[in-house]
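>>> model the structure of this input:
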Amino acid sequence: MDRQQNLNRTETFSFVNPWIRYFLFFFSFLFWVFSLLIVAIGVYAKVQKATDTVRDTFLIDPAVILIVVGVVMFFITFCGCIGALRENIHLLKTFSISLTLVFLTQLAIAILGFFYSDQVSTSLPSSPCSS
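Residues are numbered from 1 along each chain as shown. Predicted structure coming up:
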């Protein structure tokens, strides 16, 4: 009897608290759906203006930026969603490292924007309608 209880206990043992697990799954799933929405909006915007006469602005096209951000967000949140649901340590580590890299990238962009704000403000036109 004692051996059977011990076997049942080891089958249900988990290193992850169920509340944290489902909390992470819920928000990862929510952002995963949001990333699909971002990709869909980006594709819709790109299709609507299919007559792109200037190819030099492809990388700064807002539709392309939406698609790229949505795809990156899709893969990151997919790792978090499936990693939390299946308790897959490799996917959770990938999710954690990806979020850390995104945060550090945003921090670096913010610092560069702060230090080079005067150069950016002089290179931009004074009003958005002037072009």
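>>> ok, longest helix in this protein?
helix 18-48 (DSSP state H).
>>> in the strand or helix carrying F103, what counts as buried?
Assigned by DSSP states H and E, F103 falls within helix 89-115. Judged by neighbour count using 16 or more other Cβ atoms under 10 Å, the buried positions of helix 89-115 are L91, L92, T94, F95, S98. Where you see a C-beta, it was placed from the backbone N, CA and C, and this is true even at glycine.
>>> list the contacts of the first one.
Taking Cβ atoms under 8 Å, 6 or more residues apart in numbering as the contact definition, L91 lies against C79, G80, I82, G83.
>>> repeat for the third one
T94 makes contact with C79, G83 under the criterion Cβ under 8 Å, 6+ apart.
>>> just use 429 as the starting number from now, easier for me
Sure thing, new numbering starts at 429, so read that last one as T522.
>>> right, and the pair among the contacts of L519 with maximum separation?
By the measure Cβ to Cβ, G508 and I510 form the most distant pair in those, at 7.8 Å.
>>> between the two, who's got more neighbours?
Neighbours per residue (other Cβ atoms under 10 Å) separate G508 from I510, with G508 holding more: 24 against 17.
>>> how near is the nearest residue to that one once chain neighbours are set aside to A491?
Leaving aside its sequence neighbours, G508 sits nearest to S456 (Cβ to Cβ, 6 or more residues apart in numbering; 3.6 Å). Distance, S456 to A491, using Cβ to Cβ, to the nearest Å: 26 Å.
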